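Engineer: A predicted structure for the sequence below; I have some questions about it.
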Amino acid sequence: MEILKQPQYAPVKVEHQVMIIYAATNRYLADVPVEEIKDFEKGLYEFMDTHYPEVGKAIKSTGKLEPETEEQLKAAILKFKSTRIKG
């Protein structure tokens, strides 16, 4: 599974791992071609850090995905997907 691969010496932040695993397990990546997963993942992290930093902060501070944070994450993923240019 592409989302579980991490570059050596460049670990993915825990909050980012939660975000991408959530997206994958809830089928938000179902329509993303395998060869585009890494770009999607990188773009999602940048989008979340820029537009929804409170989501990452909440995950990091609580150590879990609270219902309110989950709702924000869902909305953010959908927003991110709507802004991606389809190839």
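Structural biologist: Cool, the structure landed.
Engineer: in what helix or strand does Thr50 lie?
Structural biologist: Assigned by DSSP states H and E, Thr50 belongs to helix 37-51.
Engineer: and that helix, what does it pack onto?
Structural biologist: helix 14-25, helix 53-62, helix 67-83 (3 or more Cβ pairs under 8 Å, 6 or more residues apart in numbering; DSSP states H and E). Glycine gets a C-beta too; all of them are placed from N, C-alpha and C.
Engineer: Out of those helices, which one sits most buried?
Structural biologist: Ranked by mean neighbour count, those are led by helix 14-25 with a mean of 18 (mean count of other Cβ atoms under 10 Å).
Engineer: what's the spacing between that helix and its chain's center?
Structural biologist: Taking Cα atoms, centre = their mean, to the nearest Å, the mean C-alpha location of helix 14-25 is offset from the chain mean by 5 Å.
Engineer: Assign a three-state SS to Asp31, would you?
Structural biologist: coil (DSSP: H, G, I helix; E, B strand; the rest coil).
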